[in-house]
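J.: sequence? don't have it. structure:
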DNA sequence: TCACCAAGATTGCAGCAGCATTGCGGAGCT
DNA sequence: AGCTCCGCAATGCTGCTGCAATCTTGGTGA
């Protein structure tokens, strides 16, 4: 873990560096805004600690400057300027957090952790098949990023097949995927769905084919 | 944008709901921890505001409980318990930010924006679609830099659609984005919003179209 | 190999659930 | 007070979907 500390009070900066090192954090330190931008180009930081009052200007100006380069590095502003409106100002230009001096190192660490916490990758329930990306949770299908809208029942059939891509899916399984126990079907409705679905997938160039296994069920195969 | 407010002071809660509403945020409110967990299971929130002193316990216990379910929803703790060590405590159990009472609503908004902007968050700072630039945090929409002002609810619908541009958004998701659980709708209010929104987008030449996917939901597509 | 037939594929059709539109009136804001 | 927003409901429309009729396919047995 590596962070950039932009701070002109040498004593505080040194104390912080030591404290952070105890937490296994590598700290780069500069006193000047001009150097700061340069440093962010040369290194990838996990976070940036930023003072407002600096020898060469207001520290906050650094934030939009950095954001414009596309970096979303978390920034925590550390400053004596801690009036409510000043905090709002800091957060609104893109800071991720704002701490008034003086502060406990423990609190800084806690806020650092808060800012750095990344989401555990949410269960990615995305299915792919051919050129399609299927999101059964949101009921959406895209072919090469072009959205493909399918009627509800056809979509359910497709999702059920894609979930077991390259494996046969029993006819009864498909029926269960599309109809609840209240909806009985006494016809070849499922076959009709398959047929219409095939046509739509073909038209969209989805890169898949639905094969039939006689007397058993169906199978989705990539081409 | 939808948030959950866990707060037992009714007066503060009401005031916050109103204030947040003015910023286009839909607020669900509960006074009890037990209900809170239930609500997070039933809805997807963009953020959670959490009081510490609650009738049925210490609010902080809610945080690990929520995290254990895999949710990484940003949490801001709002409390009178604002000693440095108490703040550390809050942040260390997984809060994303910590604010002492009393506070300015402006600062809360600023911190909300900061928290939602974090890479961990799903919320985007700016959404683009067609010729539009949408800033859901500031409730502004521009078409080729010309501001377009939309009624609150239409804007919520648009933002929800734009966030998942080119993907279907379930009807229920849209309803959740626009209404909190207290506001029941027994009509086609959502359809009406869609209809009016379409007309406005057309008049403004926004370069997008809202498609319907029968029985599923809607989809925002660029032209 | 060929005929036979059951299983599957396709497609027109009608019914209807779901959607679009719009006027109205109440509520809320300035 | 005047305005916009917004929920509601009436109306009309669209296209999904179940059904059935018809055609095609592929497995089976003599």
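T.: Arrived safely, thanks for sending. Computed from a prediction, not measured in an experiment: that's the story for all the values here. Numbers count the residues shown, from 1 in each chain, chains lettered A, B, ... in the order given.
J.: and residue A:143, how many neighbours?
T.: 17 (other CB atoms under 10 Å in any protein chain shown). Every C-beta, even on glycine, is put in place using the N, C-alpha and C of the backbone.
J.: Could you do residue A:17 as well?
T.: What residue A:17 shows, counting by other CB under 10 Å, is a neighbour count of 18.
J.: Helix, strand, or coil at it?
T.: Using DSSP: H, G, I helix; E, B strand; the rest coil as the criterion, the local structure at residue A:17 reads helix.
J.: Tell me how far it lies from residue A:97.
T.: The spacing between residue A:17 and residue A:97, counted by CB to CB, to the nearest Å, is 19 Å.
J.: max-length helix in chain A?
T.: Longest helix of chain A, by residue count under DSSP state H: helix A:189-204.
J.: Quick check: closest non-adjacent residue to residue A:106.
T.: Nearest in space to residue A:106, with sequence neighbours left out and distances taken as CB to CB, 6 or more residues apart in numbering or on different chains, is residue B:88 at 4.9 Å.
J.: what helices or strands is the one helix or strand that neighbour maps to leaning on?
T.: Secondary structure from DSSP states H and E places residue B:88 in helix B:84-92. The helices and strands touching helix B:84-92, judged by 3 or more CB pairs under 8 Å, 6 or more residues apart in numbering or on different chains; DSSP states H and E, are helix A:105-116, strand B:75-79, strand B:97-100.
J.: and if we set it to 10 Å?
T.: Counting contacts by 3 or more CB pairs under 10 Å, 6 or more residues apart in numbering or on different chains; DSSP states H and E, the secondary-structure elements packed against helix B:84-92 are helix A:105-116, helix B:62-68, strand B:75-79, strand B:97-100.
J.: Report the residue spans of chain A with pLDDT below the cut-off.
T.: A:1, A:22, A:24, A:117-125, A:137, A:180-182 (pLDDT under 70).
J.: Would you mind listing what in it touches DNA strand C?
T.: Remark: the part of chain A in contact with DNA strand C comprises A:171, A:188, A:191-192, A:194-196, A:198-199, A:212, A:214-216, using CB under 7 Å from any atom of the strand.
J.: quick revisit: and the residue nearest to residue A:106, how many residues sit next to it?
T.: When neighbours are counted by other CB under 10 Å, residue B:88 comes out with 19.
J.: right, and it touches residue B:60 too?
T.: No - no contact is recorded between residue B:88 and residue B:60 when judged using CB atoms under 10 Å, the distance being 11.6 Å.
J.: related to what we said a few turns ago, and the contacts of the longest helix of chain A?
T.: Applying CB atoms under 10 Å, 6 or more residues apart in numbering or on different chains, the contact partners of helix A:189-204 are A:129-132, A:141-144, A:146-151, A:153-158, A:161, A:171-172, A:174-175, A:177-179, A:183, A:185, A:188, A:206-210, A:212, A:218, A:220.
J.: Now the residue in chain A sticking out farthest from the centre: which helix or strand?
T.: Computed with CA atoms, centre = their mean, the residue of chain A farthest from its C-alpha average is residue A:186, at 45.1 Å. Element membership for residue A:186 (DSSP H and E) is empty, with no helix or strand holding it.
J.: any idea how far it is from residue B:207?
T.: 47 Å.
J.: before we move on, what about residue A:179?
T.: Separation of residue A:179 from residue B:207 (CB to CB) stands at 40 Å.
J.: residues near residue A:57, how many?
T.: Other residues within reach of residue A:57 by the criterion other CB under 10 Å amount to 13.
J.: again with residue A:161
T.: Using other CB under 10 Å, residue A:161 is surrounded by 29 other residues.
J.: Is it in a helix, a strand, or coil?
T.: helix.
J.: And for residue A:102?
T.: What three-state DSSP gives for residue A:102 is coil.
J.: Do I have it right that it meets residue A:80?
T.: Yes - here residue A:102 reaches residue A:80: they are 8.5 Å apart, a contact under CB under 10 Å.
J.: and those two? which has more neighbours close in?
T.: Each of residue A:102 and residue A:80 has its neighbours counted (other CB under 10 Å); residue A:80 has more, 12 against 9.
J.: And the nearest residue to residue A:109 once chain neighbours are set aside, how far from DNA strand C?
T.: If the residues on either side of it in the chain are set aside, residue A:109 comes closest to residue A:23, at 6.0 Å by CB to CB, 6+ apart. Counting by CB to the nearest atom of the strand, to the nearest Å, the separation of residue A:23 from DNA strand C is 48 Å.
J.: Run a quick check on residue A:23 versus residue A:116, I expect a contact.
T.: No - taking contact to mean CB under 10 Å, the distance of 11.6 Å between residue A:23 and residue A:116 leaves them out of contact.
J.: Looking at these two, which is more packed in?
T.: Set side by side, residue A:23 and residue A:116 show more neighbours around residue A:116, with 16 against 12, by other CB under 10 Å.
J.: Next up, the contacts around residue A:218.
T.: Taking CB under 10 Å, 6+ apart as the definition of contact, the neighbours of residue A:218 are A:157, A:160-161, A:164, A:168-171, A:173-174, A:190-191, A:194, A:210-212.
J.: Which among these count as buried?
T.: Among the contacts of residue A:218, the ones that count as buried by 16 or more other CB atoms under 10 Å in any protein chain shown are A:157, A:160-161, A:164, A:168-169, A:171, A:173-174, A:190, A:194, A:210.
J.: Most widely separated two among those residues?
T.: Using CB to CB, those span at most 16.1 Å, a distance reached by A:164 and A:190.
J.: Spell out which residues of chain A are next to DNA strand D.
T.: Going by CB under 7 Å from any atom of the strand, the residues of chain A near DNA strand D are A:151-154, A:179, A:183, A:185-189, A:191-193, A:196, A:214.
J.: Could you count how many residues lie near residue A:184?
T.: If you count neighbours by other CB under 10 Å, residue A:184 ends up with 8.
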